[in-house]
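1. Sequence first, then the predicted structure, then my questions.
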Protein chains: 2
Amino acid sequence: MRPDDDLAALLAAAAPQDLRDGDLLCVAHKVVSKAEGRIRRLADIEPGERALAVAAEQGRDPRLMQAVLDETATVLRAERGVLICETRHGYVCANAGVDQSNAGAPGELVLLPTDPDRSARELRAGIAAASGVRPAVLITDSFGRAWRLGQTDVALGAAGLVPIDDRRGRPDARGRELRATMIAVADAVAGAADLARSKDSDEPVVVARGLERFVTAEDGTGAAAMRRPPAEDLFR
Amino acid sequence: MRPDDDLAALLAAAAPQDLRDGDLLCVAHKVVSKAEGRIRRLADIEPGERALAVAAEQGRDPRLMQAVLDETATVLRAERGVLICETRHGYVCANAGVDQSNAGAPGELVLLPTDPDRSARELRAGIAAASGVRPAVLITDSFGRAWRLGQTDVALGAAGLVPIDDRRGRPDARGRELRATMIAVADAVAGAADLARSKDSDEPVVVARGLERFVTAEDGTGAAAMRRPPAEDLFR
């Protein structure tokens, strides 16, 4: 995948013959970022004063730290070589999502898409135009979590999927009103999709089927709805 | 489900005919807790001084707050009626996992199992004894997350599942050594299982198939391995 490759057309061509409107394509953000040209070369980056300071403190490459800071709205924590950042879109993740693994070439960095919900909407429209089938689209990345080890894939962008099943105010199976239940559907699907491939399989897309109850004709609010507003977040 | 019900025998009887050793039974903790008698009645609880203070501050029932504090090692945050607690086992979740929804009867609270990994091991052995098939067992609950809205199911207990696929030091598809990749397999499966039922369906168990590569004959480390050690956690 390189800048200006037509990812929607490639996805439509690679999709199984029986792809349906009620399906959901879970697309690893890295191919989306590459197709959108969200790539930087370490060699082209001139680290500034802050990047140099952070790099010295964390034992990392100053050019990488500059790329991270360029994607960052707020650094929440910096420790053991990792910056936990709120990105310019409002996602909280390690190194603002800037990644060297599975990049196209040595010395290349892959950034997150500029507007992953827009990317999802464009892919959905492009796949529909190329194939006549209009599945929902999810754009995913692996994020670490507070309190628990390991990463799970989460939804960065979504088109045509209800991202959260908000059951607050509805009764449970015993008739008691649910107080706080909001199921993070999009993140659960993203995590499930990651289990359907192995990490080094180089398979960027997984088809999820059986979630028709969460798939909508409208593109909807997207994964932006999953970002906890900073004012309601007790852990920044 | 009531205390002293034989959950393993019930699960073995309810399992599909083609259940296999390589399958994984994802069991909602609530039935496990009920079978283990991890239930309290609000009417039996005498709130102490701290519970009275927290209840007044948060606008909650002092008896519920006492039950929460009894399960808690450390209260990390208390705001808007919710306590984010580190439980005595070391899990971080709202109200130390004490829950009123889908409890057996009005005024009952369901607590987390005392040792969810032990519960998982016992269920696995009990199912094998009752059915001759020995699937892996996961015990799940819905946890909220920092930074993101909504809850996903995570693994509280596990027997026979590799909880984390630690790929650090292994090469990515381009041959570059992975630096931080640890896939939280058990949590991803737990979240996926929750998508296979609807929240008010009253279905406590989901069979996950196709994860044979993570299912082991040994019961293994369990879900305790997913708890991030407090000293390595930047968000407590």
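-> Sure, I can see it. Fair warning: this is a prediction, and the values are worked out from it, not measured in the lab. Numbers count the residues shown, from 1 in each chain, chains lettered A, B, ... in the order given.

2. Going by residue numbers, what spans are helices in chain A?
-> Ranges of helices within chain A are A:7-14, A:29-35, A:49-58, A:62-70, A:116-131, A:185-195, based on DSSP state H.

3. Those: which one's closest to chain B?
-> Nearest to chain B among the helices of chain A is helix A:185-195 (3.5 Å), distances taken as C-beta to the nearest C-beta. To be clear about C-beta, it is placed using only N, CA and C from the backbone, and glycine gets the same treatment.

4. Report whether that closest one contacts chain B.
-> Yes. Interface with chain B: helix A:185-195 contributes A:185, A:187-189, A:191-192, A:194-195 (C-beta under 8 Å from any C-beta of the partner chain).

5. With respect to A:Ala136, which of these is nearest?
-> For the residues of helix A:185-195 next to chain B, the closest approach to A:Ala136 (C-beta to C-beta) belongs to A:Val189, at 9.5 Å.

6. Quick check: which ranges of chain A have low pLDDT?
-> When residues are selected by pLDDT under 70, those of chain A lie in A:103, A:199-200.

7. Please enumerate the strands of it.
-> Taking DSSP state E to define them, one finds strands in chain A at A:24-28, A:39-41, A:72-79, A:82-87, A:92-94, A:108-110, A:136-144, A:151-159, A:165-166, A:182-183, A:205-208.

8. From the recorded domain assignment, give the ranges for chain A.
-> If you go by automatic domain parsing, the domain ranges for chain A are A:1-35+A:113-227, A:39-112.

9. hey, which of these is tucked in deepest?
-> Across these, averaging neighbours per residue (mean count of other C-beta atoms under 10 Å in any protein chain shown) puts domain A:1-35+A:113-227 on top, at a mean of 20.

10. can you give me the end-to-end distance of it?
-> Distance between the two ends of domain A:1-35+A:113-227: 28 Å, counting by C-alpha to C-alpha, to the nearest Å.

11. For the spatially closest residue to A:Val215 that is not a sequence neighbour, list each beta-bridge partner.
-> Spatial nearest neighbour of A:Val215, excluding adjacent residues (C-beta to C-beta, 6 or more residues apart in numbering or on different chains): A:Ala136 at 4.7 Å. Counting by DSSP bridges, A:Ala136 is bridged to A:Leu24.

12. Next, work out how far apart A:Ala136 and B:Ala186 are.
-> Distance, A:Ala136 to B:Ala186, using C-beta to C-beta, to the nearest Å: 26 Å.

13. With A:Thr216 instead?
-> Computed as C-beta to C-beta, the A:Thr216 to B:Ala186 distance reads 30 Å.

14. OK, contacts around the closest residue to A:Asp21 other than its chain neighbours?
-> Nearest non-adjacent residue to A:Asp21, counting by C-beta to C-beta, 6+ apart: A:Arg134, 5.2 Å away. Counting by C-beta atoms under 8 Å, 6 or more residues apart in numbering or on different chains, A:Arg134 touches A:21, A:124, A:127-128, A:160.
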